[in-house]
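1. following is a predicted model, sequence given first.
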Amino acid sequence: MSSNSYSRNVMEDGNKKSHYNMKPQTFDGKEPVHSFLAHFQVCANFNRLDEADRKHWLQRCLKGRAQQMLWDLSPDQTLTYAGMVV
């Protein structure tokens, strides 16, 4: 994984805590979707994303044909992360 895949956030709440964000790769539909989703899950778990954040990050990662497929889903399917990846 390249060094550009991580960024460091420092949060202050009385104590300084550091946490590295792992940025998921973009997905254009040319590679196997299962490989991308496995990578996305690793990043989402590492970043401790909740379901709503997973949905937003996934939408942001899609490019080209994959992004078009998102628009082809019904509105009910795009309400949740689980609905988008089923």
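-> Sure, I can see it. Residues are numbered from 1 along each chain as shown.

2. quick one: buried residues of stretch 25-36?
-> Buried positions in stretch 25-36, judged by neighbour count with 16 or more other C-beta atoms under 10 Å: 27, 36. For every residue, glycine as well, the C-beta is placed using N, CA and C.

3. quick one: the strands in the chain?
-> With strands called from DSSP state E, the chain shows them at 6-12, 16-22.

4. where among those strands is average confidence lowest?
-> By mean pLDDT, the lowest-scoring of these turns out to be strand 6-12, with a mean of 51.

5. quick one: contacts of stretch 66-80?
-> 27-29, 51, 55, 59, 62, 83-84, 86 (C-beta atoms under 8 Å, 6 or more residues apart in numbering).

6. first-to-last residue distance for it?
-> This stretch, stretch 66-80, spans 17 Å end to end (C-alpha to C-alpha, to the nearest Å).

7. and stretch 56-65, by the same measure?
-> Terminal residues of stretch 56-65 are spaced 18 Å apart (C-alpha to C-alpha).

8. buried ones in it?
-> 57-58, 61-62.

9. that older thread, of all the contacts of stretch 66-80, which two lie farthest apart?
-> Asp28 and Glu51 (24.1 Å; C-beta to C-beta).

10. and Asn21, how many neighbours does it have?
-> Here the count is done by other C-beta atoms under 10 Å, and Asn21 has 14 residues near it.
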